[in-house]
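# any chance you can model this:
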Amino acid sequence: MNSDEYIKKFNKSYKIIMSNDSKYIARTSGASIYIHDTITFDQIAVFKDVKHANQIKFSSDSKRLVSKSAERKFVVYDLENMNLINKIYIRKTRQPQDGEFCFSKDNKFIYNTVYTNELLGYISKINIESGETEIIYSPENCVFNGARYISEKDKYVFTGFERGKFRNVEFVVEYDENQSKFKRIDLKHDFNTFIYHGLTKKFIVNSLASKNILFISNNYRKILNKLSPLSLNTTKISFFDVLNSSKKLREKLNQNEEKVKTLKEIYEKNAIEISLDGNIKHFNISNGGKYLAVATTNRIKIYDLATLKLLDQIENQYTCYVSFSPDDTLILVGTWSHGFIYPFDIKGKLHDQ
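As a prediction, the model looks like this:
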C-alpha cells in the first residue's frame, strides 16, 4: 500500500486509537489530546490539561478516556459530556513516568506501574472517580513496565525486572483480583511490551534484546516462534540527519552555512549503521486475531498471524504507533509528524499479493 492512500491525515499524532464502540478517535500530540468523530473525522474536543501525554486509553465501555503524562499525572475524561472529571497525581516519585497502565475489568480503577526516585518501582490501584490510590505490590529492587488485563485468564499481567548484582532478572507478575493474590514467574528472556493472543493462547512480545517479535507459551516460559520484521539491509544515520529532518531546525541551520558544514562533518564521523526499517517501535494485533501490524521507524508491516507471511507494508517516516479499528477495516498510524487512517481490505488487496 502506498503511503498516500490514506483516508484521513491528521497533524502530529504520537498515539492514535479508536474507542471500542467505534464512535471516537483519540490522538495525542504530546501537549494536547484530540477527540474526533469516526464518520466525518471532525474534531469534537481538544484537551490541554497535561503536557507530554505519552499514553491514552479508552475504557472497555467507551465512556472514559484516560491519559498518563510523563509529568507524573493522570487525566480522566468523561466522553459522554466531553469534560475533564479528574486529575490524579502519581505518588512517591519525581521520575518521568513511562510505565504502562491498564483499566480494571469493571472500568472503575486503573492499575499503574510506577518508577520511584530510587529508580525502583511499585504497582498501584487508583480509583478513577476519587483519585484514591493504594500501593498493592512493591517488592524490593524491582522495576515494572508492562500492564494488561487478560480477559481469557481473568488476570492482570505486569512485566518488569529485578535489579541484581551481576544481571537483571526479567519476570512477569500475575494478579488475581478476585483473590488479591500475586504470582511472580522469573524468565530467561525479555518480556517487555506484550499482547495476549487469545485464539492461540500465546503471548506476542517485542524483544528489545533480539530485535525480534517473539511468540511465547501461555505459561510465559517457552519461546515457540519468532518473527524478524527488520530488514537485513542497512543504512548509516547520524545525529545531523535527525536535526535536518526538523523543518524549524533546518531553517535555523541554513542561516549559517559554515555551521552546517562543521556539524555535518562532526556527526557523520560518528554515524551508526541501522536497518533500513529502523527499530521496532510498536505492534498490535487485529481485533479478530488474524493479523499482526508492526510499526518500525520507517514503515508499517502487516503479517498473517497464522503463517507469519508479510501481506503488505506502508512506508512512513518516524512511525511510532499502530492500531486497528474495532471491526478491523481501518489501520490507524501515529508518527512524529502526522497521524493517518488507512483502509484495511483483508478480502481484496492484501490477499492478492
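# burial measure for residue 9, as a count.
By the criterion of other C-beta atoms under 10 Å, residue 9 has 12 neighbours. (Glycine included, C-beta is placed from N, CA and C.)
# looking at it now. What's its pLDDT?
The confidence metric pLDDT takes the value 96 at residue 9.
# next, give phi and psi for the most centrally placed residue in the chain.
Central residue of the chain (C-alpha atoms, centre = their mean): residue 282, 5.5 Å from the mean position. Phi and psi for residue 282, reported as degrees, to the nearest 10, are phi -170, psi 160.
# the closest residue to it other than its chain neighbours bridge partners, please.
Nearest residue to residue 282, sequence neighbours excluded (C-beta to C-beta, 6 or more residues apart in numbering): residue 295, at 4.3 Å. In this structure, residue 295 bridges to residue 282, residue 300 when assessed by DSSP bridges.
# my guess is residue 295 contacts residue 318, does it?
No: here residue 295 lies out of contact with residue 318, judged by C-beta atoms under 8 Å, at a distance of 10.3 Å.
# ok, those two, which is more surrounded?
Legend: neighbour count by other C-beta under 10 Å for residue 295 and residue 318, higher for residue 295 (27 against 15).
# tell me the SS of residue 261?
helix (DSSP: H, G, I helix; E, B strand; the rest coil).
# for burial, what's the neighbour tally of it?
Residue 261: 10 neighbours (other C-beta under 10 Å).
# tell me the confidence at it?
For residue 261, the predicted pLDDT is 72.
# now do residue 96
69.
# using CSV, write out every CA atom in stretch 318-326.
In CSV, the C-alpha atoms belonging to stretch 318-326 read as follows (Å, rounded to 0.1, in the frame of the first residue of the first chain):
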residue,chain,number,x,y,z
TYR,A,318,9.3,8.2,12.0
THR,A,319,6.4,5.9,12.7
CYS,A,320,5.8,5.3,16.4
TYR,A,321,2.3,3.7,16.8
VAL,A,322,-0.2,1.4,15.1
SER,A,323,-3.7,0.2,15.9
PHE,A,324,-6.7,-1.3,14.3
SER,A,325,-10.3,-0.2,14.3
PRO,A,326,-12.7,-2.5,16.3
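# on that earlier part again, so the residue nearest to the centre of the chain sits against residue 321, correct?
Yes: the pair residue 282 / residue 321 is scored as a contact, 5.0 Å apart, by C-beta under 8 Å.
# shared neighbours of these two, anything?
Here residue 282 and residue 321 have residue 295 as joint contacts, going by C-beta atoms under 8 Å, 6 or more residues apart in numbering.
# can you tell me the element residue 113 falls in?
According to DSSP states H and E, residue 113 maps onto strand 109-115.
# before we move on, what about residue 258?
Per DSSP H and E, the secondary structure element for residue 258 is helix 257-269.
# and the strands in the stretch 201-350 of the chain, which stretches?
Listed in chain order, the strands of the stretch 201-350 of the chain (DSSP state E, counting those that start in this stretch) span 202-207, 212-216, 223-227, 234-237, 272-275, 280-285, 291-296, 299-304, 310-315, 319-324, 330-335, 339-343.
# quick revisit: ok, now how distant is the residue nearest to the centre of the chain from residue 113?
Computed as C-beta to C-beta, to the nearest Å, the residue 282 to residue 113 distance reads 18 Å.
# kind regards, and thank you for your time.
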